[in-house]
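Chemist: Below: sequence and its predicted model.
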Amino acid sequence: MTDSFHTLVDEAILEAQNAMRRFPQPNYVISKVAEEAGEVVKAAIHCAEGRETVENLGGEMKQLIAMLYRLWVEGDQVHGLGPVGQNVTFARRYMGQIMAECDCPEHRACEEAGRCLAHQASTGPDFLEEMQQ
């Protein structure tokens, strides 16, 4: 089962890479993620009711994964969102730095929360922008 999911993801990435060449940014990637997610839900419900095939559901899932990949790699220039993957990578590196420097007494709680509780203000919506300057 896991191998077939990996195959689905690999196929979706190839599909996304082809689409990125054919339909480059600016592109409404966020909107397309929402659209494809809705198609997956609709196909899944119809599949459960016997009105859709599992193969078609898998196809819709592949399209959603492809759009999520595009959001990860290139973002959505129409809406002004950069590549999500770059920001997540930066955030992980930054949070790792905070954790390494953390000397708070509740460090075990920090590890469980995935961030230093003493530095919660650093995890607000603007912290990536602030840290990258």
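Modeler: Yep, it's here.
Chemist: the domain parsing of the protein - what is it?
Modeler: As assigned by automatic domain parsing, the chain contains the domains 2-74, 84-132.
Chemist: Determine which of the ones you listed shows the lowest mean per-residue pLDDT.
Modeler: Among those, domain 84-132 has the lowest mean pLDDT, at a mean of 54.
Chemist: Any buried residues in the helix or strand residue 10 falls within, and which?
Modeler: Counting by DSSP states H and E, the element that carries residue 10 is helix 2-22. Residues of helix 2-22 classed as buried: 9, 12-13, 15-16, 19-20 (neighbour count, 16 or more other CB atoms under 10 Å). Using the backbone N, CA and C atoms, a C-beta is placed for each residue, glycine as well.
Chemist: Residues contacting that helix from elsewhere in the structure, which ones?
Modeler: Residues outside helix 2-22 that contact it (CB atoms under 8 Å, 6 or more residues apart in numbering): 58, 61-67, 69-70, 73-74.
Chemist: would you list those residues in TSV and tack on secondary structure and distance to residue 41?
Modeler: Shown next, in TSV, are these (DSSP: H, G, I helix; E, B strand; the rest coil; distance: CB to CB, whole Å):
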residue	secondary structure	distance to residue 41
58	helix	14
61	helix	11
62	helix	15
63	helix	13
64	helix	10
65	helix	15
66	helix	17
67	helix	14
69	helix	19
70	helix	20
73	helix	24
74	helix	25
